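A.B. asks: let's see this in three dimensions:
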Amino acid sequence: IPPHRRKKHALPEGEVTIPKHKTKEEDDNELFNNKFTRIRCINLRRRDDRWRSFCFRMRSALGDQQHVQLVERFDAVDGAEIMKSLEYENIVSLHWDATKNAMYDKHICAPYTNKLMTAGEIGCAMSHVQLWKELLA
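C.D. replies: Below you'll find the predicted structure:
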């Protein structure tokens, strides 16, 4: 109701309840406290610097809240090592279509189809496969 018309159309008191909106912090706390019992972060064992950086940024963003304690490091598959062993064959495709990715990432160049995955991409994919296997076990 525009301010100049509020008196004419004022609603009777007691009949209207305005719902209280939660703050983002309240929503985040509810999400973490009620939904997650464990949080895994994929990180290469040889990149401890990235793990420390992640932990610092997480604590800076979330403070010392209890859900920070739920985060565990999951050792990533090192793509350089797995390429030597060929353990990824029949699990991860070596070629992929980057057409959709190119819509969001200006660094992806044409042709978008039949891209050959790098060792790092294979390691990343295998890390996610291992994490899903652990989740389903």
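A.B. asks: only C-alpha atoms for contact and neighbour calcs from this point on.
C.D. replies: OK.
A.B. asks: any idea what the residue nearest the centre of the chain is bridged to?
C.D. replies: Residue closest to the average C-alpha location in the chain (Cα atoms, centre = their mean): Cys41, at 9.1 Å. Counting by DSSP bridges, Cys41 forms beta bridges with Arg73.
A.B. asks: quick one: pLDDT of it?
C.D. replies: Predicted confidence (pLDDT) at Cys41: the value is 93.
A.B. asks: got a list of what it touches?
C.D. replies: Val71, Glu72, Arg73, Phe74 (Cα atoms under 8 Å, 6 or more residues apart in numbering).
A.B. asks: which one of these has the most neighbours?
C.D. replies: Highest neighbour count within these: Phe74, with 17 neighbours (other Cα atoms under 10 Å).
A.B. asks: show me the contacts for the closest residue to that residue other than its chain neighbours.
C.D. replies: Leaving aside its sequence neighbours, Phe74 sits nearest to Ile42 (Cα to Cα, 6 or more residues apart in numbering; 4.7 Å). Ile42 makes contact with Arg73, Phe74, Asp75, Ala76, Ser127, according to Cα under 8 Å, 6+ apart.
A.B. asks: now do 10 Å
C.D. replies: If a contact means Cα atoms under 10 Å, 6 or more residues apart in numbering, then Ile42 has Trp51, Glu72, Arg73, Phe74, Asp75, Ala76, Val77, Cys124, Ser127, His128, Leu131 as its contacts.
A.B. asks: tell me which of the residues you listed fall in helices.
C.D. replies: Assignment to helices by DSSP state H places the following of those there: Trp51, Cys124, Ser127, His128, Leu131.
A.B. asks: and the last one, how many residues sit next to it?
C.D. replies: Pointing back at Leu131 there. Using other Cα under 10 Å, Leu131 has 18 other residues around it.
A.B. asks: now the third one
C.D. replies: One way to gauge burial is a neighbour count; for Ser127, by other Cα under 10 Å, it gives 21.
A.B. asks: thank you kindly, that will do.
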